[in-house]
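[1] here is my input, please return the structure:
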Amino acid sequence: MQRTTTLLILTFALAACGGSDGDAGDTGGGNGATAAANRVATGMRAPDATLVDLDPCELFTSDESRAYLDGYRESEQAIRGGMKECQHKGGSFTNVRVQVGGMSLEDFETRLAVNHNLMGDVELQSVTGVGEKAYFLRSLWVHSGDYILHVDVNSLPAKRDSSGATKRDQGVEIARQMVARL
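    You can find the predicted model right below:
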C-alpha cells in the first residue's frame with residue numbers, strides 16, 4: 001500500500017513541477033520525468049538494456065580501477081539485465097563495477113523511476129557534467145547517446161576521504177572516462 005501511495009504522490013508531484021495535462025500520456029518529447037512516473041504508476045517494470053558491441057573492461061580498465069581498490073585482485077565479466085558488466089575486485093571487499101548497454105532516453109527515465117520506487121526513501125540525485133542525463137541512486141546511472149552506463153564504486157573510506165571524494169564523485173570520475181570512450 002505504501003508503494004502505491006508513494007507512486008501516486010510521485011506522479012502528482014512531478015506533474016505539479018512543470019508538467020501539463022498533455023504530459024500524462026507523453027512518451028515522446030514532453031516532460032520525461034512525468035512520463036516516466038506515469039509509466040511506473042501503471043505497473044511498467046524497468047526495461048532491460050540491449051547488448052552492445054562494447055567491452056566495459058575496455059571502457060574502464062583494471063589499471064584505472066587500482067586508484068579505487070585496496071590492492072587489485074581480478075576482473076570478472078558478466079551480463080545482467082541486458083548490460084555487459086565488468087567488476088574489478090580488490091582486497092577488503094573493495095570493487096568497482098561498471099556496466100554498459102543500449103537504451104533510449106525514454107527507457108532510461110523509466111528504469112530510474114522504477115528503481116527509485118523500489119528503493120523507497122533513497123534520494124534520487126540529478127548529476128550534471130557527464131552524459132546527457134545522469135542520476136545517483138546509491139550508484140551512478142548515465143545516459144549518453146544510445147547508451148546507458150552504470151558505475152558502482154565500493155572503495156575504502158580512506159581512499160575516498162584522503163581526496164575528499166564521495167562514492168558519487170568517484171562514480172562521476174569513472175563515468176567521464178567511459179563516456180569519452182564510447
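
[2] tell me the buried residues in stretch 101-108?
    For stretch 101-108, a neighbour-count test (16 or more other C-beta atoms under 10 Å) marks 101-103, 105-108 as buried. Every C-beta, even on glycine, is put in place using the N, C-alpha and C of the backbone.

[3] from those residues, which land in helices?
    105-108 (DSSP state H).

[4] where does residue 148 land in three-state SS?
    Here residue 148 is strand, with the state taken from DSSP: H, G, I helix; E, B strand; the rest coil.

[5] residues contacting it?
    Contacts of residue 148 were listed using C-beta atoms under 8 Å, 6 or more residues apart in numbering, and they are 49, 83, 99-103, 108, 111, 141-142.

[6] which of the ones in helices among the buried residues of stretch 101-108 sits closest to residue 70?
    residue 108 (32.3 Å; C-beta to C-beta).

[7] partners of the lengthiest strand in the chain, with directions?
    The single longest strand within the chain, with elements called by DSSP state E, is strand 70-80. Here strand 70-80 has these sheet partners by DSSP bridges: strand 83-91 (antiparallel).

[8] could I have the partner strand exported to PDB, CA atoms only?
    The C-alpha coordinates for strand 83-91 follow below in PDB (Å, rounded to 0.1, in the frame of the first residue of the first chain):
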ATOM      1  CA  MET A  83      24.000  -4.900 -19.800                       C
ATOM      2  CA  LYS A  84      27.600  -6.100 -20.100                       C
ATOM      3  CA  GLU A  85      29.400  -5.900 -16.800                       C
ATOM      4  CA  CYS A  86      33.000  -5.700 -15.700                       C
ATOM      5  CA  GLN A  87      33.700  -5.900 -12.000                       C
ATOM      6  CA  HIS A  88      37.200  -5.000 -10.900                       C
ATOM      7  CA  LYS A  89      37.900  -6.500  -7.400                       C
ATOM      8  CA  GLY A  90      40.400  -5.600  -4.800                       C
ATOM      9  CA  GLY A  91      41.000  -6.700  -1.200                       C
END
